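> make a model of this:
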Amino acid sequence: MIGRLRGKIHFITDDQLLVDVQGVGYLVNVPTSTASLLTDGKEAVLLISTHVREDAIVLYGFATDREKELFELLNTVSGVGPKLALSVLSTLSPDNFCQAILEGNLQCLTKVPGIGKRTGERLVVELKDKVARSYTSIGVSPGISSGLSQAVSEAIEALLALGYSASEAEAAVANLQLDGTESTEAIIKRALGFLVKTGNV
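Below you'll find the model as predicted:
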């Protein structure tokens, strides 16, 4: 099983790329959140989830542990496959998705292309206990207040107003390791620092 790749990135489409590892090219599918952090022609490290099918071995790559963990968690839900799991990660950050699961927020979940009311309800039923048990590894706390959710939403809206894409804003906030005490202004400042550091200026 391939668990990690380091190599030069060559984008094929917005969500599929080739990782050149010492002359060997690995075809990898990635969510928008990961793609937004990568630069064509530059070296990067991707965490890999390997899926073996009867007709192919398919690789899915992620920039962070939380993305990979959530992707694999989503694939434990009946009726949810890798394609829908990538759609979740391309629409919501791991923190926002897990918070929506803990709160049973179907309005948030159904923003994801491919998730309707029934699928959203199934996700809540099947994942709520798992998310509550493993939130520390995924990076969201079941005790986070709705105030933080509001602060995060406002911070993302501010980043969108500054010209960042939704995936860039979500990815930046998702990487901040928020503890529930931050103000909107503090989240925006830290997110901008992350975006500058990763070259998304």
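> every contact and neighbour count from this point should use C-alpha atoms.
OK.
> which parts of the protein are helices?
32-35, 65-74, 82-91, 94-103, 106-109, 117-138, 146-161, 166-174, 184-197 (DSSP state H).
> so which of those comes closest to Gly7?
Of all those, helix 32-35 sits nearest to Gly7, with 14.5 Å by CA to CA.
> check which residues of that closest one are buried.
Thr32, Ser33, Thr34, Ala35 (16 or more other CA atoms under 10 Å).
> can you tell me which of the helices of the chain the model trusts least?
Here the lowest mean pLDDT among the helices of the chain goes to helix 146-161, at a mean of 73.
> quick one: residues contacting Lys128.
Neighbouring residues of Lys128 by CA atoms under 8 Å, 6 or more residues apart in numbering: Ile101, Leu102.
> domain map for the chain?
Residue ranges for the domains of the chain, per automatic domain parsing: 4-62, 65-138, 146-197.
> now the longest one, how far from the centre of its chain.
The gap between the average C-alpha position of domain 65-138 and the chain average comes to 10 Å, counting by CA atoms, centre = their mean, to the nearest Å.
> dump the buried residues of helix 32-35 to CSV, plus distance to Gly81.
Shown next, in CSV, are these (distance: CA to CA, whole Å):
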residue, distance to Gly81
Thr32, 17
Ser33, 18
Thr34, 18
Ala35, 20
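> how much space between the residue nearest to the spatial centre of the chain and Leu59?
With distances taken as CA atoms, centre = their mean, Leu89 lies nearest the centre of the chain, 3.9 Å away. If you measure Leu89 against Leu59 using CA to CA, to the nearest Å, the figure is 16 Å.
> so Ile187 sits right up against Val152, yeah?
Yes: taking CA atoms under 8 Å as the definition, Ile187 is a contact partner of Val152 at 7.1 Å.
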